[in-house]
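Novice: Build me a structure from this.
(2 chains)
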Amino acid sequence: MIVIENLKKSFGDHLVLNGINETINKGEKVVVIGPSGSGKSTFLRCLNLLEVPDEGTIWFEGNNITDKKTDINLIRRKMGMVFQQFNLFPHLSVMENITLAPVKLGIMTKEKAGQKAVELLARIGLSDKADAYPNQLSGGQKQRIAIIRALAMNPDVMLFDEPTSALDPEMVGEVLDLMVQLADEGMTMVVVTHEMRFAKKVATRVLFMDEGRIVEQNTPDALFENPTHPRLKEFLSKIL
Amino acid sequence: MNIVTGWFTEIYNSFYRAIVPDRRYLAYLNGIKVTLLISFFAILLGIAIGVIVAVVKVTAKESRMKWLKAICDLYITVIRGTPLMVQLLIIYNLIFTSRNTSEIAVGAICFGINSGAYVAEIIRAGIDSIDRGQMEAGRSLGLNYMQTMRLIIMPQAIKNILPALGNEFITLIKETSVASVIAVTEVTKAAQYIGSRTYDVLPPLIIAAACYLIMVVGLSKLLGNIERRMARSDRN
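Specialist: Residues are numbered from 1 along each chain as shown, chains lettered A, B, ... in the order given. All right, here's what the predicted structure looks like:
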């Protein structure tokens, strides 16, 4: 579904991604871990071209999205993204946040999008917040709404960029629960996170990144129990 | 006692002379109309120019449209670096040499071009004040750059800069008084004209000042209302 070939990206003199080759198949739940500064967020943001790679090719559902001729806006409709800082639109109500893109892009009528939003809100138990504004919500509520805002576009893959890192500890659970549900429904997911419990529970594959490369990858059980690379051993010893 | 009464009578008479005979009040009303029309169209033109220049400046930062940004920078530098009255005289003599051009159009275009430079800088600051994540969130949903600008960035930016924008409009209304130098009969010119007829310049000018005050207070009220309405999403 996503094929990444020789991906390179630098900010100024600093080489952030140093040649990444990876294939992510439909239905996979790939969790990316690594120390800060290892390039994992940049890697994720390259997948929908929020960061433009310096070198390399990314294929999504058979389209070369790094090709200038590809309309990235059409590609992004199929790639939902969830941010660390939620990035809800503060000037719009929850309902408008969810329906804005589908309606303005002409994918759904206003009624249909509204219906879909009502269903999604009911699913996360926040039906009563449809007319609330983002700054009336808790962090966990904001992030769950950010997730269903992305889901409202019916994406084929969901990208999560440290979705729980900006949350108070007691709100992490509600967001992770929703992500586990999504995973169980078969959504293809790429998740950058520090939540090892989530990785163990949900991931079909865990990638460990260090200094702009994927240095080791395996199923979560194998990766956490039998790490081989010294950097991974060091990293795990610090966090587990 | 008699002195004070006489004094008041004299003031009353001079204001009476400045307003009533020859239906002079009509001159003020017409002046107010011209001032308001010039201000209104200048504000519209200023916003249009301001939005375009601000968006070009923000957009052209990284792209190949650098020369467009250079033009915008030049425009802002020249407009902000030269006196309004000089700009007015230059534009008037440069473009509107024909005698039968509408004075309102002349004024609106001159003040609109001038105001656009200030509005552009205000809007640019407003756009810069919006978190980068807002643009990223919009783009990640498949909206293109301009859609995200229009639907997500601009509404928030405008809300943030409304007080500064209001200030600019208030300044603009008052600055239209400069248009009297190109023989536009707005409020100030009307007052001067009446003063020259009654040989008593002060009362008409005070009346003109009161006219500006009323217009500005009215505009402030209007802007206050808009600000309150836009603050809806700030409820906690």
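
Novice: Contact partners for residue A:88?
Specialist: A:94, A:97, A:134, A:142, A:145, A:146, A:149, B:137 (Cβ atoms under 8 Å, 6 or more residues apart in numbering or on different chains). (Glycine included, C-beta is placed from N, CA and C.)

Novice: So it, which state does it fall into?
Specialist: Following DSSP: H, G, I helix; E, B strand; the rest coil, we place residue A:88 in the coil state.

Novice: sorry, back to before: need the contacts of residue A:88 in a markdown table (columns: secondary structure, neighbour count and pLDDT).
Specialist: Shown next, in a markdown table, are the contacts of residue A:88 (DSSP: H, G, I helix; E, B strand; the rest coil; neighbours: other Cβ atoms under 10 Å in any protein chain shown; pLDDT from 0 to 100):
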| residue | secondary structure | neighbour count | pLDDT |
| --- | --- | --- | --- |
| A:94 | helix | 26 | 96 |
| A:97 | helix | 26 | 95 |
| A:134 | helix | 21 | 94 |
| A:142 | helix | 23 | 95 |
| A:145 | helix | 26 | 96 |
| A:146 | helix | 25 | 96 |
| A:149 | helix | 28 | 96 |
| B:137 | helix | 27 | 96 |
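
Novice: Return the closest of these with respect to residue B:8.
Specialist: Residue B:8 has its nearest neighbour among the contacts of residue A:88 in residue A:134, at 61.2 Å by Cβ to Cβ.

Novice: give me the low-pLDDT residue ranges for chain B?
Specialist: B:1, B:61-64, B:96-100, B:232-236 (pLDDT under 70).

Novice: Which stretches in it count as helices?
Specialist: For chain B, the helices defined by DSSP state H occupy B:2-19, B:25-59, B:66-81, B:84-95, B:103-128, B:132-140, B:145-148, B:154-175, B:187-198, B:202-230.

Novice: Chain A: which of those is closest?
Specialist: helix B:132-140 (3.7 Å; Cβ to the nearest Cβ).

Novice: That closest one near chain A at all?
Specialist: Yes - counting by Cβ under 8 Å from any Cβ of the partner chain, chain A has neighbours in helix B:132-140: B:133, B:134, B:136, B:137, B:138, B:139, B:140.

Novice: count of residues packed around the third one?
Specialist: By that I understand residue B:136. 20 (other Cβ atoms under 10 Å in any protein chain shown).

Novice: Quick one: residues contacting it.
Specialist: A:50, A:81, A:83, A:87.

Novice: okay but residue A:223 is in contact with residue A:206, surely?
Specialist: Yes - using Cβ atoms under 8 Å, residue A:223 is in contact with residue A:206, at 4.7 Å.

Novice: shared neighbours, these two?
Specialist: residue A:217.

Novice: Just give the nearest non-adjacent residue to the most centrally placed residue in chain B, would you?
Specialist: With distances taken as Cα atoms, centre = their mean, residue B:172 lies nearest the centre of chain B, 2.8 Å away. Counting by Cβ to Cβ, 6 or more residues apart in numbering or on different chains, residue B:172 lies nearest to residue B:115, which is 5.2 Å off, once chain neighbours are set aside.

Novice: Tell me the one among the contacts of residue A:88 nearest to residue B:49.
Specialist: residue B:137 (29.0 Å).

Novice: ok, now which ones touch the spatially closest residue to that closest one that is not a sequence neighbour?
Specialist: Counting by Cβ to Cβ, 6+ apart, residue A:87 is the residue found nearest to residue B:137 once chain neighbours are left out, at 3.7 Å. Residues near residue A:87 by Cβ under 8 Å, 6+ apart: A:146, B:131, B:133, B:134, B:136, B:137.

Novice: Now residue A:87. Its backbone dihedrals?
Specialist: Backbone torsions of residue A:87, given as degrees, to the nearest 10, read phi 50, psi 40.

Novice: okay, it: pLDDT?
Specialist: Looking at residue A:87, its pLDDT reads 95.

Novice: Buried by neighbour count: which residues of the top helix by length along chain A qualify?
Specialist: Taking DSSP H as the assignment, the helix of chain A that covers the most residues is helix A:169-184. Neighbour counts over helix A:169-184 (16 or more other Cβ atoms under 10 Å in any protein chain shown) mark A:171, A:172, A:174, A:175, A:176, A:178, A:179, A:182, A:183 as buried.

Novice: With stretch B:161-181 instead?
Specialist: Residues B:161-162, B:165-166, B:168-170, B:172-180 are the ones in stretch B:161-181 that count as buried (16+ other Cβ under 10 Å).

Novice: Ok, stretch B:8-27 next?
Specialist: Buried-residue list, stretch B:8-27, by 16+ other Cβ under 10 Å: B:14, B:15, B:17, B:18, B:19, B:24, B:27.

Novice: Quick check: nearest residue in space to the second one, chain neighbours excluded?
Specialist: Right, residue B:15. Counting by Cβ to Cβ, 6+ apart, residue B:15 lies nearest to residue B:203, which is 4.8 Å off, once chain neighbours are set aside.

Novice: still on that earlier bit, report the separation between the residue nearest to the centre of chain B and residue B:84.
Specialist: 10 Å (Cβ to Cβ, to the nearest Å).

Novice: Then residue A:145?
Specialist: Separation of residue A:145 from residue B:84 (Cβ to Cβ) stands at 49 Å.

Novice: Show me what from chain A comes close to chain B.
Specialist: A:48, A:50, A:73-74, A:76-77, A:79-81, A:83, A:85, A:87-93, A:100-101, A:104-105, A:133-136, A:146, A:149-150, A:153.

Novice: returning to what we had before: can you tell me which two in the buried residues of stretch B:8-27 are farthest apart?
Specialist: B:14 and B:27 (16.2 Å).

Novice: I figured residue A:139 was touching residue A:170, is that so?
Specialist: No - applying Cβ under 8 Å as the test, residue A:139 and residue A:170 come out as separate, 9.8 Å apart.

Novice: could you list every residue that touches residue A:152?
Specialist: A:98, A:99, A:101, A:102, A:113, A:116, A:117, A:120.

Novice: Quick check: chain neighbours aside, which residue is closest to the third one?
Specialist: Pointing back at residue A:101 there. Closest residue to residue A:101 apart from its sequence neighbours, by Cβ to Cβ, 6+ apart: residue B:141 at 3.8 Å.

Novice: After the host helix or strand of residue A:44, which helix or strand is next? Please name it.
Specialist: Per DSSP states H and E: residue A:44 is located in helix A:40-47. Following helix A:40-47 in sequence order, the next helix or strand is strand A:55-60 (DSSP H and E).

Novice: same for that next one, what does it pack against?
Specialist: Strand A:55-60 is packed against strand A:2-11, helix A:40-47, with contacts defined by 3 or more Cβ pairs under 8 Å, 6 or more residues apart in numbering or on different chains; DSSP states H and E.

Novice: can you list the ones you listed in CSV and add distance to residue B:120 and mean neighbour count?
Specialist: Shown next, in CSV, are the helices and strands packed on strand A:55-60 (distance: least, Cβ to Cβ, whole Å; neighbours: other Cβ atoms under 10 Å in any protein chain shown):
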stretch, distance to residue B:120, mean neighbour count
strand A:2-11, 30, 18
helix A:40-47, 31, 23
